[in-house]
Structures are given as structure tokens and as C-alpha cells.
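*Asks:* Build me a model:
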Amino acid sequence: MAKGDRIRGRWSGSASGRALCTAVLATLALMSVALFLLVGVGIVGVPAGLNHSDASISLRLPDRLLEQIEEVGEGKHEPWSEIISWTPRASLVHNFLTDDECDHLIRVAMPLMQKSTVVDSQTGGSRDSRVRTSSGMFLNRGQDRVISEIEDKIAKLTFIPKDHGEGIQVLHYEPGQKYDAHHDFFYDTVNTRNGGQRIATLLMYLTDVEEGGETVFPKSAKNSSSLPWHNQLSECGRRGVSVRPKRGDALLFWSMSPDAQLDHSSLHGGCPVIKGDKWSATKWMRVSEYKL
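*Replies:* Coordinates of the predicted model:
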């Protein structure tokens, strides 16, 4: 057999040689398909004069992806939540409100702020109490477009209809001001005539607080040492599971258990502000429609 015949026979009969050729061809085919897809979605751009000697293929990102990257760079993050406690049931929703929404609530409420009161269990009205030293006011439900949109977000988050909610209460705490531990549900029948019991609370933080001002659950099943921000808590904040105020975040907790019983572990308080000002907004939600 001639030398050329031996070479052709060796390559044509080799399984490894055929496999190598097949792999190379398959790789080239996949690369071609990938390139066409990148061109199709606009990630790779091909200049019109590609046949020119200095033509090149440019890499670019789609406009929408660039917008999303810019939004992240500007701090426009999507809301996300984490479970804080199972007993009581509480979760923290990060980035629930935008900066504009926080500013709007403060701006609307500021001219109308008065000394905060507590609910009177005998009359259903309001009364002064030393356990609550902040100032506050109530917004009407659906008072304006921004407030209505916030209430829509709350309904979607909680799966509680919008008309089950009381008007949002805006609160302001100066240094030294606090709200002692209390339940949001009622022990009397006077305050449940309209809408039934309070089933859940959404506490929205409108400003950061330099020190203090935490929301604390002193009867929680776990203590504050399990929290990643434990070292940043005040002495009051270490008395149970607690959340530090952060602008735009919202704390959702439930005053009733899944079997419709009052959850006494939902006892909570607002720790004294040590440094800075604390602005917050509270939405209480009822079992049934709350008529205004």
C-alpha cells in the first residue's frame, strides 16, 4: 500500500478523528447561532461597512438593561422582605416606600401634628397618656393620589382589602420620646364595633434614626442577639426582637394568629429616640370593612 493510502486509511478509519471533527463543527455551529441571537436582541452590533478593512463588531447592552443598571446606581432598589420573627409573626419589607413617598407623607402631615394620644377602652375616643410621648395626626384614607397608591401597595402586600384599613397615622418622635409596649388589638367591644379587631399593622419608616427609636417585641420567642444588627441596638432595642428605623422600610406584624386568636406575643413598643428625629407612618388593618 502506498504511503498516501496508509494516511487516508488511518484518518478515515479512526473513531477519535471523526469525533474531533464532529466536535469542532458543532462548536462552530453553536457559536454562529449564539452570534445571530446576540445580534437579534441588540447586545452585539454589526457596523454597516463590515466588509471594510477596519470594520469591527461592537458590544453594547440593550437600552432597558442600561436603564435598570442606572436605577440601581441611583439607589432605586426593588422591595424585598425578610422574616424577623415567627412568634409574633413579623416581617421587614425593605424599600417599600420611595423617597418621594416618604417626603410626601411628612410634608402633608407636618402642619397638622399634635400631641399623640391613645385609644380609650371605655369610650372608644382618644385620651392623653404618658406611655406615648410623640406627636401625630391621621390622614384620610385615599386623601390624595400618592396616599391612595401607598394604600394600594399595602393591600397587595397584606392581601387585606383597602377598605379594611384605618387612615394612615403619621408620627414624629424627637429625642427622648417613645411609646411604651402595648398591643394593637382591643380588649373591649367598643372599639371593635366598626371593622372588628385589628388583625395586622404595617409600620412604615419615613426617616433614618441615628440612634434609638427601634420597634421592639419584648415577648418574642427569640431575642435580639440573633439579629445581624444586634450590636447597633440601644439598650431598649435589646429587650426582644427589634427593628431599626430605616427610611423606606416597612414592618408588617400580625395581632391575630392564623386561628383568629389574639396573639399576645405581638406586644411591641417604640424605643426612645437617642439621636436624630424619627418619622413613621402606621396603617392598622381590621378583620372587616372599616367605615370612615
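*Asks:* would you list every one of the helices in the stretch 101-250 of the chain?
*Replies:* 145-158 (DSSP state H, counting those that start in this stretch).
*Asks:* any low-confidence regions in it?
*Replies:* Applying pLDDT under 70 to the stretch 101-250 of the chain picks out residues 117-132.
*Asks:* and if we set it to 90?
*Replies:* For the stretch 101-250 of the chain, applying pLDDT under 90 flags the ranges 115-134, 222-229.
*Asks:* now the strands: where do they sit in it?
*Replies:* Shown for the stretch 101-250 of the chain, the strands assigned by DSSP state E, counting those that start in this stretch span residues 114-115, 118-119, 126-127, 135-138, 169-173, 179-182, 198-205, 211-212, 215-217, 241-243, 250-254.
*Asks:* Need those strands in a markdown table (columns: mean neighbour count).
*Replies:* The way it works is simple: take the backbone N, C-alpha and C, and place the C-beta from them, glycine included. Listed next are the strands of the stretch 101-250 of the chain as a markdown table, based on neighbours: other C-beta atoms under 10 Å:
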| stretch | mean neighbour count |
| --- | --- |
| strand 114-115 | 9 |
| strand 118-119 | 16 |
| strand 126-127 | 11 |
| strand 135-138 | 18 |
| strand 169-173 | 22 |
| strand 179-182 | 17 |
| strand 198-205 | 24 |
| strand 211-212 | 21 |
| strand 215-217 | 24 |
| strand 241-243 | 26 |
| strand 250-254 | 23 |
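*Asks:* okay if I get those as TSV plus distance to residue 225?
*Replies:* Listed next are these as TSV, based on distance: least, C-beta to C-beta, whole Å:
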stretch	distance to residue 225
strand 114-115	36
strand 118-119	31
strand 126-127	37
strand 135-138	32
strand 169-173	25
strand 179-182	19
strand 198-205	23
strand 211-212	18
strand 215-217	13
strand 241-243	10
strand 250-254	19
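*Asks:* Out of the ones you listed, flag the one nearest residue 78.
*Replies:* Taking C-beta to C-beta, strand 250-254 is the member of the strands of the stretch 101-250 of the chain nearest to residue 78, at 13.9 Å.
*Asks:* The closest one pairs with which strands, and in what direction?
*Replies:* The strands that strand 250-254 pairs with in its sheet are strand 90-94 (antiparallel), strand 198-205 (antiparallel) (by DSSP bridges).
*Asks:* Can you check which of those gets nearest to residue 276?
*Replies:* Going by C-beta to C-beta, the one of those nearest residue 276 is strand 198-205, 11.9 Å.
*Asks:* thinking residue 212 is in contact with residue 235, fair?
*Replies:* No. If you go by C-beta atoms under 8 Å, residue 212 and residue 235 don't touch, sitting 9.2 Å apart.
*Asks:* quick one, what contacts residue 279?
*Replies:* 102, 105, 106, 170, 171, 172, 173, 205, 206, 207 (C-beta atoms under 8 Å, 6 or more residues apart in numbering).
*Asks:* And the protein, what are its domain boundaries?
*Replies:* What automatic domain parsing lists as the domains of the chain is 3-59, 70-286.
*Asks:* Could you report the distance from residue 216 to residue 159?
*Replies:* 26 Å (C-beta to C-beta, to the nearest Å).
*Asks:* just residue 237 next, same as before
*Replies:* Per C-beta to C-beta, residue 237 is found 30 Å from residue 159.
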